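Visitor: how would this look folded up:
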Amino acid sequence: MSTPARQLPPPSAAEREAPLTRRPAARPTPSTPPQRRARRGSTPAFWVLAAVVVSSLVFTVVALNAVVVDATYRTTAVQSEVRRLREVNDELGIEAARLSSPSRIGEWADTVGMAVPAPGDSVILRVPGERPDTSGARGDGA
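Guide: Got it, this is the predicted structure:
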């Protein structure tokens with residue numbers, strides 16, 4: 001059970017008209033005539049400065065990229081040289097092991113006429129004033 005809505009009287013003619021807006025106050029006239037604003041367009045000096053800045057930035061980027069490329073090439077060259085020298089070192093290590101093997105030295109001694117001395121044929125000389133070394137190591141600490 002609801003009650004009917006209240007009936008409002010229709011608005012009067014004065015209420016239907018738009019409210020009057022306030023008129024702005026009159027501005028006082030300046031004593032000096034208005035001056036034209038400076039034109040805010042671009043000047044040739046601005047374009048020259050902008051071109052110089054952009055050109056220098058582009059040149060800097062290109063130069064840095066050239067330095068990076070040069071460093072990369074040098075690094076690659078050094079790495080390949082290191083790889084080559086490691087291979088040479090490995091080959092020389094194998095050659096040194098082959099040349100220092102006792103069987104190869106014995107064969108070489110036979111070909112040049114060397115022979116193992118008979119017992120008693122070899123003489124060990126001792127220098128007077130030195131103590132005989134029985135440990136097999138040198139006495140000078142080296």
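Visitor: Distance from the chain centre to the longest helix seen in the chain, please.
Guide: Counting by DSSP state H, the longest helix found in the chain is helix 44-99. Relative to the chain's own centre, helix 44-99 is displaced by 12 Å; criterion: Cα atoms, centre = their mean, to the nearest Å.
Visitor: so whatever helix or strand comes next after it versus helix 44-99, what angle?
Guide: Counting by DSSP states H and E, the element after helix 44-99 in chain order, helix or strand, is helix 102-111. Helix 102-111 and helix 44-99 are oriented at 60 degrees to each other (axes from the mean of the first three to the mean of the last three Cα atoms, to 10 degrees).
Visitor: Enumerate the positions of helix 102-111 that are buried.
Guide: Within helix 102-111, no residue qualifies as buried by neighbour count (16 or more other Cβ atoms under 10 Å). Just so you know, the C-beta spots here come from the backbone N, C-alpha and C atoms, and that holds for glycine as well.
Visitor: Which helix or strand in the chain has the lowest average pLDDT?
Guide: helix 13-16 (a mean of 68; mean pLDDT, DSSP states H and E).
Visitor: same question for stretch 5-12, mean pLDDT?
Guide: The average pLDDT within stretch 5-12 is 75.
Visitor: first to last residue in that stretch, what's the distance?
Guide: End-to-end distance for stretch 5-12, by Cα to Cα, to the nearest Å: 21 Å.
Visitor: Find the helix or strand that residue 118 is a member of.
Guide: Assigned by DSSP H and E, residue 118 belongs to neither a helix nor a strand.
Visitor: Which pLDDT value does the model give it?
Guide: pLDDT, residue 118: 86.
Visitor: How much space separates it from residue 108?
Guide: In this structure, residue 118 and residue 108 are 21 Å apart, going by Cβ to Cβ, to the nearest Å.
Visitor: Same question for residue 87.
Guide: For residue 87, the distance to residue 108 - Cβ to Cβ - is 28 Å.
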